[in-house]
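Q: have a look at this prediction, sequence included:
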Amino acid sequence: MIKTVKKIFVFVLLFVSLHVQAQDGAYEITDESYTDTSVEMADVMRENGKIYVVVAVVLMLFAGIVVYLVLLDRKISRLEKEMGLRTKGEIE
């Protein structure tokens, strides 16, 4: 009974998905669309000086992740040393 319901549910979802079209005619794609390399958002942010804020936030996040990983590695190394696993050669 449950298998039959699952099969019907999958069939209905597949049937419904045939009628769904993302961005139906929202943007017209032309030959110029493939050669256009300008990014309006980045240009506007660069003009207003906000791009540097974005870069700074991304760098801070990256630095935070690196610091967290280094501290985590130190903790794991200390725990391995305390347990004596490094001297036995069980972990390489």
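A: Looks like it arrived, so ask away.
Q: tell me which element Glu47 is part of?
A: helix 40-48 (DSSP states H and E).
Q: can you give me the pLDDT of Gln21?
A: In this prediction, Gln21 carries a pLDDT score of 61.
Q: the next helix or strand after the helix holding Glu47: how far from the chain's middle?
A: Note on helix 40-48: by DSSP H and E, the next helix or strand toward the C-terminus is helix 51-83. How far helix 51-83 lies from its chain's middle: 18 Å, per CA atoms, centre = their mean, to the nearest Å.
Q: helix 51-83 to helix 40-48, inter-axis angle?
A: With axes from the mean of the first three to the mean of the last three CA atoms, to 10 degrees defining the directions, helix 51-83 sits at 100 degrees from helix 40-48.
Q: now helix 51-83: buried residues?
A: Within helix 51-83, no residue qualifies as buried by neighbour count (16 or more other CB atoms under 10 Å). (Each C-beta comes from the backbone N, C-alpha and C, glycine too.)
Q: so what does it touch, helix or strand wise?
A: Packing contacts for helix 51-83, counted by 3 or more CB pairs under 8 Å, 6 or more residues apart in numbering; DSSP states H and E, involve helix 40-48.
Q: mind listing what's buried along the helix it packs on?
A: Using 16+ other CB under 10 Å as the test for burial, helix 40-48 gives Met45.
Q: report the residue spans of the chain with pLDDT below the cut-off.
A: 17-27, 85-92 (pLDDT under 70).
Q: rerun that using 90 as the cut-off
A: Counting by pLDDT under 90, the ranges of the chain that qualify are 1-54, 80-92.
Q: quick one: Leu14 from Thr4, how far?
A: Distance of Leu14 to Thr4, computed by CB to CB, to the nearest Å: 16 Å.
Q: sweet, I'm off.
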